[in-house]
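1. turn this into a model:
(3 chains)
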Amino acid sequence: MFRPFEWQDLIPLAQGAWLTIQLCAVSGILGVIFGLILGIARTSPSRIARWISTIYISCVRGIPVLVIIFFVFFGIPLLFPGLEPDKFASAVIALTCFAAAYVAEIVRGSIEAVAKGQSEAADALGLNYWRKLTYVILPQAVKIMVPPGIGFLIGLVKDSSLVTVTGLLELTHAGNIVTNLTGDPIKTFLVVAGMYFVICYGISRLGRLYEKRTGVHVDPLKLPEPAGI
Amino acid sequence: MIFVENLNKKFGPNHVLKGIDCHIREREVVCVIGPSGSGKSTFLRCMNGLETISSGSIVINKHRLDDSKTNINLVRQEAGMVFQHFNLFPHLKVIDNVMLAPLKVAKTSKEEARAKAEMLLTKVGLAEKMDTFPGNLSGGQMQRVAIARALAMDPKIMLFDEPTSALDPEIVGEVLAVMKDLANEGMTMVVVTHEMGFAREVADRVIFMDQGRIVEEGTPEEIFSSPQHGRTQGFLSKVL
Amino acid sequence: MALYFGDLLPYSSLLLEGLWTALYITLVAMLAGSALGVLVYLGKVGPGKPLSILCTCYIEAIRNTPLLVQLYLIYFALPALGINLEPVWAAVIGLTLNNAAYTAEIYRAGFESVPHGLREAGKALGMKPGQIVRYIILLPATRNVFPALTNQLILLFLASSIGSIISLPELTNAIMSVSNTTYRTIEVLAVGGLLYLGVSALMSLASKRAETTLFRWAVGTHV
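-> Purely as a prediction, here's the structure:
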């Protein structure tokens, strides 16, 4: 009933990898947008904004991604009857929720790193909070967000493997299916691992390139930890 | 005691030491002075193998440093070193800083190492600081601990690499006093320093280095009162 | 829909047992993984060229692939080679190997952060390279990366939930099985999420406390 692992089995795996890339691109972009908002709120002068974002960030960072995925996948249809996002949408929602919290921590770290000396200088010039943020702090902070952002993106790709539990046909789930066809988990998952490696290593090379180009290197010890294991 | 012959040291294209010849006798106190970048610290660091030698030879107490068969750790036990930035081990109490090498390198017993460490710390005037961590000491106190730590291995030679350069002016004296005592006890010492007063008072011989060479050497009297070489005169006129 | 937590009560011990499994797997993987991580780091920077390349490949391979795929390889692939593993062992081995690669990198940062002068002071006292690492570098390096290490512990604890996919009876697994029997999905996910949150918050508090007591020598020092 099993047939050996053949070249044609690479096709569903490649399709899975492509879906993984799409999934991470969409939730990465959404995560960055929400993460920026949360991160700015986290450092804002408004106490309420700080509270809300702090609670959100700590909750998400203290709960496993897998539990968040289950929550979104099973919880949304239960909490909002009639609303049944498809698998891809659920996965995007779950990964975005998680990504936003990690991006927010990176944003906060970078803003605080810049704000140390620059904030007082901007205050002395009489700039108000939003002007200070948009003209002085963010332009500098964005530069140092990139290296940890790369780490976050790699974490996102790796954590996206967990949406396999929802049955979405991304790379890991494709691996499961090919294993069921071929009965050869070793070859299959070595190929799967190799594909993840290419994606992640490619991203980290981009990061190195950025560091070389801009000379921006930030002490890895001083930054919020990159997401995911 | 120390024989240096045609010592050369290169860092990549930088020729830092250009043929140093020097002989240091037992119980002699030699001060090495010169502008920064003259190679005097590198020279000192070559003497206990912290820098490898590009060519030439150094013989310390019959150990040839340029011979790969020489056990460098034996040489280092005989040549204690004191650094500009103290380099105390921050996670060890003062007494443990002093006891570490006797325990782990010389393998002396704990009681013996402790007794010795207490004796040395008393000698440098820090008996009451034995159980303090280095982070709570002043710079001068840290450097005195560093001296005690180096002495704990019973070195025959002490090498000092700008021991007072990182200290506030008002506490330089307490470190120099300890060094002076050591010199009076007959320790062989090589001191790289900017403290001309110390050199004049304590040194048996002063070596002036510039651009990787020994330009001039002699008694403190000769060097400070009647320097022969133009570069020595120029340097001294700036620092004195 | 109305939330009702009462149905969960009979299953509280199942959830707590799951939490306990998650905790001890995390602790074992943390201890074994950090020890292995130091060795991997030392192998990477050591003089042996083949070993160094091997360690670098190991670190990169682990850090650039998902833990789930690593667990699959261990849990499903090893039986194909004739090695059968209980889920617990597969999870412990997987998390340990995974953690080792991350702690190796953390230790790299830690060792590099220790001032070069300390190493030189050790050399000047005649200490051998192994002694210098053990008696001089290790503790200051650990202190410098202690926050990163405890953060890794929390990440590892959260990652242990992935064990549920290879049917390890830990907390997430317990959550899903209670959900399947009671149909109180939202409630049990909320309770489970709070358990994870509470434990990781405790870990973070405890690590801050531990940092000040363990490294009292570092007060007022910048190493």
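2. how about the helices in chain C?
-> C:12-45, C:49-63, C:67-72, C:78-80, C:87-113, C:116-124, C:129-131, C:138-144, C:146-159, C:171-182, C:185-214 (DSSP state H).
3. how about chain A?
-> Using DSSP H, the helices found in chain A span residues A:10-42, A:47-61, A:65-70, A:76-79, A:87-124, A:129-131, A:138-159, A:171-182, A:185-214.
4. chain B is nearest to which of those?
-> helix A:185-214 (21.9 Å; CB to the nearest CB). C-beta: built from backbone N, CA, C; applies to glycine.
5. the closest one near chain C at all?
-> Yes: Helix A:185-214 lies within reach of chain C by CB under 8 Å from any CB of the partner chain, at A:Pro185, A:Ile186, A:Phe189, A:Leu190, A:Val192, A:Ala193, A:Tyr196, A:Phe197, A:Cys200, A:Tyr201, A:Ser204.
6. who are the packing partners of that helix?
-> helix A:10-42, helix A:138-159, helix A:171-182, helix C:49-63, helix C:67-72 (3 or more CB pairs under 8 Å, 6 or more residues apart in numbering or on different chains; DSSP states H and E).
7. which one of these is the most hemmed in?
-> The highest average neighbour count among those, using mean count of other CB atoms under 10 Å in any protein chain shown, belongs to helix C:67-72 at a mean of 26.
8. which residues sit against it?
-> Helix C:67-72 is contacted by residues A:158, A:161-162, A:164, A:172, A:175, A:185, A:189, A:192-193, A:196, A:229, C:62, C:90-91, C:94-95, C:97-98, C:159, C:162-163, C:165-166 when judged by CB atoms under 8 Å, 6 or more residues apart in numbering or on different chains.
9. quick one: find the helix or strand in chain C with the lowest mean pLDDT.
-> Least confident helix or strand of chain C, by mean pLDDT, DSSP states H and E, is helix C:78-80 with a mean of 77.
10. give the buried residues for that helix.
-> Counting neighbours by 16 or more other CB atoms under 10 Å in any protein chain shown, one finds that the buried residues in helix C:78-80 are C:Leu78.
11. distance between it and the chain's centre?
-> 25 Å (CA atoms, centre = their mean, to the nearest Å).
12. so it, near chain A or not?
-> Yes: counting by CB under 8 Å from any CB, contacts between helix C:78-80 and chain A involve C:Ala80.
13. what parts of chain B come near chain C?
-> B:48-50, B:73-74, B:76-77, B:79-81, B:83, B:85-93, B:100-101, B:104-105, B:133-136, B:146, B:149-150, B:153.
14. thought B:Ala113 was touching B:Lys104?
-> No: at 9.7 Å, B:Ala113 does not count as touching B:Lys104 under the criterion of CB atoms under 8 Å.
15. A:Leu125 is nearest to which of the helices and strands packed on helix A:185-214?
-> Closest to A:Leu125 of these, according to CB to CB: helix A:138-159, at 15.2 Å.
16. next, the angle helix A:87-124 makes with that closest one.
-> 160 degrees (axes from the mean of the first three to the mean of the last three CA atoms, to 10 degrees).
17. count of residues packed around A:Arg3?
-> 11 (other CB atoms under 10 Å in any protein chain shown).
18. actually A:Gly117, not the one I wrote
-> The burial count for A:Gly117: 8, using other CB under 10 Å.
19. show me the contacts for it.
-> Applying CB under 8 Å, 6+ apart, no residues qualify as near A:Gly117.
20. show the model's pLDDT score for it.
-> At A:Gly117, the model reports a pLDDT of 75.
21. how close does it sit to A:Trp130?
-> A:Gly117 sits at a distance of 20 Å from A:Trp130 (criterion: CB to CB, to the nearest Å).
22. cool, and C:Ala80?
-> 60 Å.
23. for A:Leu171, same thing?
-> Relative to A:Trp130, and taking CB to CB, A:Leu171 is found at 42 Å.
24. ok, C:Val188 next?
-> Relative to A:Trp130, C:Val188 is positioned 43 Å away (CB to CB).
25. do the same with B:His85
-> Distance from B:His85 to A:Trp130, by CB to CB: 45 Å.
26. okay, buried residues for stretch B:106-122 please.
-> Quick answer for stretch B:106-122 (16+ other CB under 10 Å): B:Ala106, B:Thr108, B:Ala113, B:Arg114, B:Lys116, B:Ala117, B:Glu118, B:Leu120, B:Leu121.
27. ok, the third one - contacts?
-> Listed by CB under 8 Å, 6+ apart, the contact set of B:Ala113 reads B:Met99, B:Pro102, B:Leu103, B:Ala152.
28. and C:Asn99, how many residues sit next to it?
-> Taking other CB under 10 Å as the neighbour definition, C:Asn99 ends up with a count of 28.
29. quick one: is stretch C:156-170 near chain A?
-> Yes: using CB under 8 Å from any CB, stretch C:156-170 reaches chain A at C:Leu156, C:Leu158, C:Ala159, C:Ser161, C:Ile162, C:Ser164, C:Ile165.
30. okay, how far is it across that stretch, tip to tip?
-> Using CA to CA, to the nearest Å, the end-to-end distance of stretch C:156-170 comes out at 13 Å.
31. if you count neighbours, what's buried in that stretch?
-> By 16+ other CB under 10 Å, the buried positions in stretch C:156-170 come out as C:156-166, C:168-170.
32. please apply the same query to stretch A:189-200.
-> Neighbour-count burial for stretch A:189-200, counted by 16+ other CB under 10 Å, picks out A:Phe189, A:Leu190, A:Val191, A:Val192, A:Ala193, A:Gly194, A:Met195, A:Tyr196, A:Phe197, A:Ile199, A:Cys200.
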